[in-house]
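K.L.:
The sequence isn't on hand, but the structure is:
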């Protein structure tokens, strides 16, 4: 054993008390609850914002679809199925051509954000409740 | 379960894994915090803060590397932050005198020679080592504690101190020389040895 190793063995050992162990674990649990809570509320805010955005985007899409004739083409699909099956290719091309691309993209984008934020909110909400219960010693 | 598995489980919110990590790494973290802060109550706060920070940053931990140096690096940073906030120690005392210029010179010191027996006799009777350690600059205390109390390799100490390994070896030699000078009156660390 080296001289310094031996020297450091004369130092009093630093042994953490069980109370400190509990304090540290509690600190981590509280931090976990706080982080899950922040994630939950942030996801909830994004979900509401994307929902509000969706309302606006759907209205934009409806106006654009009406102007481009897309809604007229689309309504044909439900009203005149026989003619439609005879000219399916031409109908499909016209329908696609009249689709208001930017508005449709916006709706789909906001829908994706809404679904994802709801999923995150659901997951972090459960984690938040669990972490809070754990931090407050409600779980055995 | 090894550390990587414990960390993965802790990330998923497994309370048992968190407790296992705390039980395993609290002693070295508290030891380092105590040596750096020199105050038991503050050291406990530092250790707690370090574990909370570690949990917050578990996503950044590279499971391919050992956990202890990563945890102790966070502990050291938490200790430095706490000391700066408290201003219990003048800021200049957190860094060793001499700066980087004396690193080459530190290599000329023959610190590895055995310490005299009376040093051990005194250390055991009146705890002179703890007092001498407390008088060292923070970097010296950290290097010596990590090396001799935690038994870390120079590679791991370099990882904790975020410095190249050769630099850490120089710091280690310098720290040994300073500690020796405090324990053996008249032993000047700045005087080059030729023996």
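P.N.:
Arrived safely. Just so you know, these numbers come straight off a predicted model, no measurement behind them. Numbering: from 1, shown residues only, chains lettered A, B, ... in the order given.

K.L.:
Could you find the residue nearest the spatial middle of chain A?
P.N.:
With distances taken as CA atoms, centre = their mean, chain A has residue A:117 as the residue nearest its mean C-alpha position (2.2 Å).

K.L.:
which other residues reach stretch A:30-49?
P.N.:
Contacts of stretch A:30-49 with the rest of the structure, by CB atoms under 8 Å, 6 or more residues apart in numbering or on different chains, involve A:113-114, A:117-118, A:120-121, A:124-125, A:127-128, A:131-132, A:134-135, B:13, B:52, B:55-56. C-beta here means a position set from N, CA and C on the backbone, and glycine is covered the same way.

K.L.:
Show me which residues of that stretch are buried.
P.N.:
Counting neighbours by 16 or more other CB atoms under 10 Å in any protein chain shown, one finds that the buried residues in stretch A:30-49 are A:30-37, A:39-40, A:43-44, A:46-47.

K.L.:
tell me which of those is nearest to residue A:5?
P.N.:
Nearest to residue A:5 among the buried residues of stretch A:30-49, counting by CB to CB, is residue A:31 at 36.8 Å.

K.L.:
Give me the mean pLDDT for the helix or strand that closest one falls within.
P.N.:
In this assignment (DSSP states H and E), residue A:31 forms part of helix A:18-68. Mean pLDDT, computed over helix A:18-68, is 91.

K.L.:
With stretch A:96-114 instead?
P.N.:
What stretch A:96-114 shows for mean pLDDT is 91.

K.L.:
Stretch B:145-165 too?
P.N.:
Along stretch B:145-165, the predicted local confidence has a mean pLDDT of 93.

K.L.:
Can you give me the buried ones in that stretch?
P.N.:
Residues of stretch B:145-165 classed as buried under the neighbour-count rule (16+ other CB under 10 Å) are B:145-150, B:152, B:154, B:156-161.

K.L.:
same thing with stretch B:6-25?
P.N.:
By neighbour count with 16+ other CB under 10 Å, stretch B:6-25 contains the buried residues B:6, B:7, B:9, B:10, B:15, B:17, B:18, B:19, B:20, B:21, B:22, B:25.

K.L.:
Nearest to chain A among the buried residues of stretch B:145-165?
P.N.:
Distance to chain A across those (CB to the nearest CB) is lowest for residue B:148, with 3.8 Å.

K.L.:
in which helix or strand would I find residue 71?
P.N.:
Going with chain A. When secondary structure is defined using DSSP H and E, the element that contains residue A:71 is helix A:70-79.

K.L.:
actually chain B
P.N.:
Using DSSP H and E, residue B:71 falls within helix B:67-86.
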